[in-house]
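Undergrad: predicted model follows, preceded by the sequence.
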Amino acid sequence: MVTSRGFPRFLALVAAIAATMLFITSAQAQDKRDFYKVGVITSLSGAMVYGGNVTRRGYDLWEQQVNKNGGIEVGGKKYKVKLVYADAQSNPQSAADAVQRMISRDNVDFILGPYASSSTLGAAPITERYKVPMITGSAESPSIWARHFKYTFGAVPAVDRTAGEIMTVLAKQRPEIKTVSIIGMNDPFSKSTAEALRDGAKKAGFKVLSYDITPPDADMTPLISKARSLKPDVLAVGGEPNNHIAVVKAMESLSYKPKGLVMHYGVNTPDFQKAVGKAANYVIGATVWDPSLPYKDAVFGTAQNYVKLSETRYNVKPDYTQAASSAAGEAFAAALNTADLPPPLSAADKVKLVDALENVRIKTFYGTIGFEKQGPWYHDNAELKPIVTQMIDGKQVLVGPGDLGTQKIVYPQPSGQ
Amino acid sequence: MDLLLQTLVNGILIGGVYLIITLGFNLAFGVLGVIDFAVGEWVMLGGFTGYWLNHYLGLDPLLFLPVTFVVFVIVGALVYPMLARLLKGRQHARLLMVFVFTFGLSTLLKGGALTAWGFNQRAMDSFFSARSVELAGVYMPQIRLVAFFFGVLITVAVAWMLYRTRFGLSVRAVAQDEGKARLMGVNTNRVAALVYALYAGLTGMAGVLIGVIYTVTPQMGVQYTIFAFFIAVLAGLGYVPGVLLAALLLGLIQAFVAVYIGSAYSLLIVFLSLYLILLVAPRGILNRGRA
């Protein structure tokens, strides 16, 4: 009950709430922009900040190039893009909170999604609830696509379609590989990678001697000691670049070097190279993009040109995650053009954008992008094929499968036990 | 059998690393009665100090341990007056204020490091990195052996200081009953300041060793805060000699769980063990800590 003394205070509170609501309503009503407001949610702090910045570079390069070209062409007119960032803090809950704030407060037209899979799994239910389309340029865990989110798309093929290919290529090696030990970090991407490596190994006819899932920041010496005692031909690791550094340092400290070392992602990153030095040599990995591939488009030019743009702005050679993040923007641009959707996008426009994305099939500097419309990889890019790589003297070389390989794989690695 | 022995050695050597982090932490708790949630960030800053000195001077990072100790003793002495102001102030919930202060300090240091040095992982190598000693099929990483013996040496030195010097007597007196110690003429504020400075210095040195064994990043501190807290509680809060046993126990649990049960269950089993031990011995594993 409001007393006579409290009435003026109550009145002031009601007035303040009314004024705030009026401000929000008028701000939304006045949201008549001639540019696309693009939300970017990625890990700008926390354990996955390295990968978060890889995606950020990819998204920023897309913004730079698309605006340099005048913007996204829709209905004969070009509209520039403006990126609005939010920090997922390497944490699914923070990703969900941040994406909710971005949608309700910033009223973004569409979203470029997080690094990594765990944060994507946090953000996707929110974009689903608010019906805002999102393309992630980095998430690779198949668990995202198995959940059939209508508003979430992925530019990188799921890791269970790529990591297993390493084992297929290794199965053709002579001397013959017979045994494998697998270590995976306990996060959605790394665990899926480890599972894919294990399934690929079984399919290739290798005996899996051990399969261990470990917390990403755990001390690696116990598991490396275990691998050493089992004497596998190949040790395969599913993890992020920082986990791979920890594994290699533990191996070096125990003077252990297997005949073959597989690390699916990040072995060509400057951090990994600097941290482990010569130990990076002969590490086998996988990619879906390489600057040597003959891909090109109107925004970035050739894949080689994309490398130059990245080196000019960041002094960093891009990897497939950065390239995929840039290409994710191109997929949105193609869908907006096809569906004829100028900014700002209404709720109905965002639904139309999802329909348009489902039918996108474009050739970019990163390769072809086209999303699955059904099945276990629903809305993931189905068009790219995995390529197996090996680090030789600081350079990533393609070693298979088949004609995609430019040189033979080095196996066993020199002084491998 | 080889794997069993190897796991035992791995566990003991990891425990040696944890020992250095927790020694000062538990000593500071004994005297100040507060948990410093910034302990992991002192480790991180110690690691970066070693890294940058190694980067610019090109010398073995282990040679910078004394310099790092001195730098962090000074930093600790500068931070302590702020902590003391909260501890000795007249405000309500003083311990809560101290907790908020150390938590805020931790966030500030981590954020500052991230802004200043970026997110990249940095590695530094010592003469002992990437080398091991083999004994009957068991491999012992040389750098971890160095860290272990350094940890034991520091523990012995701190124990000697506590039980064989006049200053140590003052420290124990303050830890036991600050009021009575003051009545006996002990300058309790000076003792607390020196203990906090010593804690910061020891933790900074631990950072250099951890940086050489693993890598250095602005986000590395959190897990060491958790481990320090675990070991301090297990050792008995404020009871320094228990740290050696508790640190070795944590290392052994982690190593054996990783190899024989599954590394994914490591933290679960670590904290379940802590819970069970505290049920039986609420004052720590040797039943000598604060209740």
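TA: Nice, I can see it.
Undergrad: not counting sequence-adjacent ones, nearest residue to residue B:217?
TA: Spatially, and ignoring its direct neighbours in sequence, residue B:217 is nearest to residue B:121 (5.0 Å; C-beta to C-beta, 6 or more residues apart in numbering or on different chains). C-beta coordinates here come from the backbone N, C-alpha and C atoms, glycine included.
Undergrad: show me the contacts for that neighbour.
TA: Neighbouring residues of residue B:121 by C-beta atoms under 8 Å, 6 or more residues apart in numbering or on different chains: A:50, A:241-242, A:245, A:271, A:275, B:215-217.
Undergrad: give the next helix or strand downstream of the longest helix belonging to chain B.
TA: In chain B, with assignment by DSSP state H, the single longest helix is helix B:2-32. Next in sequence after helix B:2-32, counting helices and strands by DSSP states H and E, comes helix B:39-57.
Undergrad: check whether that following helix contacts chain A.
TA: No - Helix B:39-57 lies out of reach of chain A by C-beta under 8 Å from any C-beta of the partner chain, never closer than 11.3 Å.
Undergrad: pull out the buried positions in the helix or strand just after that helix.
TA: As assigned by DSSP H and E, the chain's next helix or strand after helix B:39-57 is helix B:65-88. The neighbour-count check on helix B:65-88 (16 or more other C-beta atoms under 10 Å in any protein chain shown) flags B:65, B:67-69, B:71-73, B:75-77, B:79-80, B:83-84, B:86-87 as buried.
Undergrad: what residues does the stretch 251-400 of chain A put near chain B?
TA: Contact residues, the stretch 251-400 of chain A versus chain B (C-beta under 8 Å from any C-beta): A:252-256, A:270-271, A:274-276, A:279.
Undergrad: among these, name the buried ones.
TA: Neighbour-count burial (16+ other C-beta under 10 Å) applied to these gives A:252-256, A:271, A:275-276, A:279.
Undergrad: among the residues you listed, which ones are in helices?
TA: Mapping those onto helices (DSSP H) picks out A:252-253, A:271, A:275-276.
Undergrad: so where's the stretch 101-250 of chain B uncertain?
TA: Within the stretch 101-250 of chain B, not a single segment meets pLDDT under 70.
Undergrad: in it, which residue sits closest to chain A?
TA: residue B:141 (3.5 Å; C-beta to the nearest C-beta).
Undergrad: does that residue touch residue A:221 like I think?
TA: Yes - counting by C-beta atoms under 8 Å, residue B:141 touches residue A:221, with 7.1 Å between them.
Undergrad: shared neighbours of the two, which are they?
TA: Common neighbours of residue B:141 and residue A:221 (criterion: C-beta under 8 Å, 6+ apart): A:253-254, B:13.
Undergrad: quick one: which of those residues is nearest residue B:250?
TA: Of all the shared contacts of residue B:141 and residue A:221, residue B:250 sits closest to residue B:13, with 12.3 Å by C-beta to C-beta.
Undergrad: who's in contact with that closest one?
TA: Residue B:13 makes contact with A:221, B:140-141, B:144-145, B:147-148, B:251, according to C-beta under 8 Å, 6+ apart.
Undergrad: highest neighbour count among those?
TA: residue A:221 (30 neighbours; other C-beta atoms under 10 Å in any protein chain shown).
Undergrad: picking that back up, what's the lowest-pLDDT member of the buried ones among the residues of the stretch 251-400 of chain A next to chain B?
TA: For these, the model is least confident at residue A:271; its pLDDT is 80.
Undergrad: contacting residues for it?
TA: Contacts for residue A:271 (C-beta under 8 Å, 6+ apart) come out as A:50, A:241-242, A:245, B:120-121.
Undergrad: would JSON lines of those residues with distance to residue A:370 and secondary structure be doable?
TA: Putting the contacts of residue A:271 into JSON lines (distance: C-beta to C-beta, whole Å; DSSP: H, G, I helix; E, B strand; the rest coil) gives the following:
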{"residue": "A:50", "distance to residue A:370": "29", "secondary structure": "helix"}
{"residue": "A:241", "distance to residue A:370": "29", "secondary structure": "helix"}
{"residue": "A:242", "distance to residue A:370": "32", "secondary structure": "helix"}
{"residue": "A:245", "distance to residue A:370": "35", "secondary structure": "helix"}
{"residue": "B:120", "distance to residue A:370": "35", "secondary structure": "coil"}
{"residue": "B:121", "distance to residue A:370": "36", "secondary structure": "coil"}
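Undergrad: that older thread, show me the contacts of residue B:13 that map onto helices.
TA: Using DSSP H, those in helices are A:221, B:144-145, B:147-148, B:251.
Undergrad: farthest pair within those residues?
TA: Greatest spatial distance in the ones in helices among the contacts of residue B:13: B:145 and B:251, 13.6 Å, computed using C-beta to C-beta.
Undergrad: which phi and psi does the closest residue to residue B:241 other than its chain neighbours have?
TA: Setting aside the residues directly before and after it, residue B:241 is nearest to residue B:159 in space (C-beta to C-beta, 6+ apart), at 6.3 Å. Backbone dihedrals for residue B:159, given as degrees, to the nearest 10, come out at phi -60, psi -40.
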